[in-house]
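J.: A structural model of the following input is requested.
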Amino acid sequence: MSAPSNEMESGAEPCWMTHPSPGGRIGAVGVSRTLSAGDPPLVIARRRAARGLLGYLGGDDLPEGLDKRLREMAERGGTAELAGRVVRFAAPFERKGYLYAHAVLGGKPLDRSWRSPCPDRTAVAPGDCRPAWICTPVQGDHVGVLGVSFRAATRPRQFELAANNAVKLLEYTLGVQVEGAERFLRAPTAAGTIRLRTSEFDIEKSGGVTKDIRLYTKQLRIQGDVLYVWLVSPDLPPYPAPEDLDWMREPSPEGMNGAVGMSIRTADGLLSTQIERAFEKGIFALAKNRGAHIESIQHLRHGGGGRYYLEGVTSEVDTSLRARLLGFHPRPDGRVFVWVVEAGPASRAQR
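T.: Numbers count the residues shown, from 1 in each chain. Coordinates of the predicted model:
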């Protein structure tokens, strides 16, 4: 059984833990348990960090000679080659039974400020939009998507789920087919007015994220059992980012086709599921904004208490569109709101 030595960083976490891609460089974090029955934990963590860079470099598999180089590499770090690029590995960091490794493109070591603790840059309060990218994943030239995951069986699995959930949301920008119907029924009675609203819709994605869209982890945060990951791509077109929560009152500013989706807590209790549910509701609202076939009905019904009117409106949609999640806001009562805006081309590479 392999275990790391005591030469690695300890104490407060280094800044690269929450800022894997600092100072304009592209980086990734890999995680492993500190005990392993097979490969040394440091080799596993660094291998996973290298694999995280493949999402940006566009490779499929790690080179055969990488494991040999990682086994020879000192704990304090070193360089290796990945997809024709030089990768710099930093000294690892250990916490609560897990080993964290960092890899960044380029042979130059990270500045000491990124290898040291940076508590002033690691605050997390999603309800207050800290950091800002949690609520608005478009920050200046950094255009990305939010990935969220509740605790998993292991920390590596949680990192994987957060990244996968971000990619799932990104897939909506490639195009979806929306079909569905929404019905409003109103029945005035002697005891009062009965109102009923039902929605049935189906959203089918056009396809998965291709290699044309390079992705990397810009930042991440952990609050309690929840992991927030900000995936960024230089291939996504920029969008104006809201400076506050005005989008909740006016989701279609300056001619944009936008909508707000809301979801209460879901049966599985997962925030990622709740975000996706709210996102899909926002997409359906976008489809209705584009135009819907509306049919009104009015019937005179007879019941045990006498006659009453049943009034209703049915809205049907069948359209294709692309959508982008530009805003996210969790409420203390457990509700989640998202701002969904109709997107243009899926990527700069596809223009």
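J.: from Cys135, how far out is Val29?
T.: 23 Å (C-beta to C-beta, to the nearest Å). Bear in mind the C-beta positions are built from the backbone N, C-alpha and C, glycine included.
J.: which segments of the chain make up each domain?
T.: Taking automatic domain parsing as the criterion, the chain consists of the domains 1-120, 169-210+242-350.
J.: show me where pLDDT drops low in the stretch 251-351 of the chain?
T.: For the stretch 251-351 of the chain, the stretches with pLDDT under 70 are 291-318, 344-351.
J.: all strands of it, in order?
T.: Secondary structure of the stretch 251-351 of the chain, counting by DSSP state E, counting those that start in this stretch: strands at 258-263, 293-303, 306-321, 323-330, 336-342.
J.: just the C-alphas of the fourth one, formatted as CSV.
T.: If I follow you right, that is strand 323-330. Presented in CSV, the C-alpha positions along strand 323-330 are these (Å, rounded to 0.1, in the frame of the first residue of the first chain):
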residue,chain,number,x,y,z
ALA,A,323,-30.1,28.6,-24.9
ARG,A,324,-27.4,29.9,-22.5
LEU,A,325,-27.5,30.1,-18.7
LEU,A,326,-26.3,33.6,-17.8
GLY,A,327,-27.6,33.9,-14.2
PHE,A,328,-28.0,31.8,-11.2
HIS,A,329,-29.5,32.7,-7.8
PRO,A,330,-30.3,30.4,-4.9
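J.: what residues sit buried inside it?
T.: For strand 323-330, the neighbour count (16 or more other C-beta atoms under 10 Å) marks Ala323, Arg324, Leu325, Leu326, Gly327, Phe328, His329, Pro330 as buried.
J.: kindly report the same for stretch 232-249.
T.: The neighbour-count check on stretch 232-249 (16+ other C-beta under 10 Å) flags Val232, Ser233, Pro234, Asp235, Leu236, Pro237, Tyr239, Ala241, Pro242, Trp247 as buried.
J.: in strands, which of those residues appear?
T.: The strands, defined by DSSP state E, take in Val232 from the buried residues of stretch 232-249.
J.: now render the buried residues of stretch 232-249 as a markdown table, adding pLDDT.
T.: Formatted as a markdown table, those follow (pLDDT from 0 to 100):
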| residue | pLDDT |
| --- | --- |
| Val232 | 93 |
| Ser233 | 90 |
| Pro234 | 90 |
| Asp235 | 86 |
| Leu236 | 82 |
| Pro237 | 77 |
| Tyr239 | 70 |
| Ala241 | 66 |
| Pro242 | 68 |
| Trp247 | 88 |
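J.: can you put the buried residues of stretch 232-249 in JSON lines and add distance to Thr319?
T.: Output for the buried residues of stretch 232-249, formatted as JSON lines (distance: C-beta to C-beta, whole Å):
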{"residue": "Val232", "distance to Thr319": "29"}
{"residue": "Ser233", "distance to Thr319": "26"}
{"residue": "Pro234", "distance to Thr319": "30"}
{"residue": "Asp235", "distance to Thr319": "26"}
{"residue": "Leu236", "distance to Thr319": "23"}
{"residue": "Pro237", "distance to Thr319": "21"}
{"residue": "Tyr239", "distance to Thr319": "21"}
{"residue": "Ala241", "distance to Thr319": "27"}
{"residue": "Pro242", "distance to Thr319": "25"}
{"residue": "Trp247", "distance to Thr319": "22"}
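J.: wait, which of the buried residues of stretch 232-249 is closest to Gly282?
T.: Nearest to Gly282 among the buried residues of stretch 232-249, counting by C-beta to C-beta, is Trp247 at 10.8 Å.
J.: what's the closest non-adjacent residue to that closest one?
T.: Trp339 (4.3 Å; C-beta to C-beta, 6 or more residues apart in numbering).
J.: so the one you found bridges to which residues?
T.: Val260, Gly327 (DSSP bridges).
J.: can you tell me which residues contact it?
T.: Pro242, Trp247, Met248, Pro251, Gly258, Ala259, Val260, Gly282, Leu325, Leu326, Gly327, Phe328 (C-beta atoms under 8 Å, 6 or more residues apart in numbering).
J.: what about 7 Å?
T.: Trp247, Pro251, Gly258, Val260, Leu326, Gly327 (C-beta atoms under 7 Å, 6 or more residues apart in numbering).
J.: those: which two are farthest apart?
T.: Maximum pairwise distance among those (C-beta to C-beta): 10.8 Å, between Val260 and Leu326.
J.: how far out from the middle of the chain is the helix ranked longest in the chain?
T.: Using DSSP state H, we find that the single longest helix of the chain is helix 271-290. Its chain's average C-alpha position is 14 Å from that of helix 271-290, according to C-alpha atoms, centre = their mean, to the nearest Å.
J.: and that helix, what's buried?
T.: Buried-residue list, helix 271-290, by 16+ other C-beta under 10 Å: 271-289.
J.: follow-up on the earlier one: may I see the contacts of Trp339 organised as TSV, with distance to Glu81 added?
T.: Below are these laid out as TSV (distance: C-beta to C-beta, whole Å):
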residue	distance to Glu81
Trp247	45
Pro251	47
Gly258	45
Val260	47
Leu326	38
Gly327	40
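J.: quick check, nearest of those to Thr319?
T.: Gly258 (15.8 Å).
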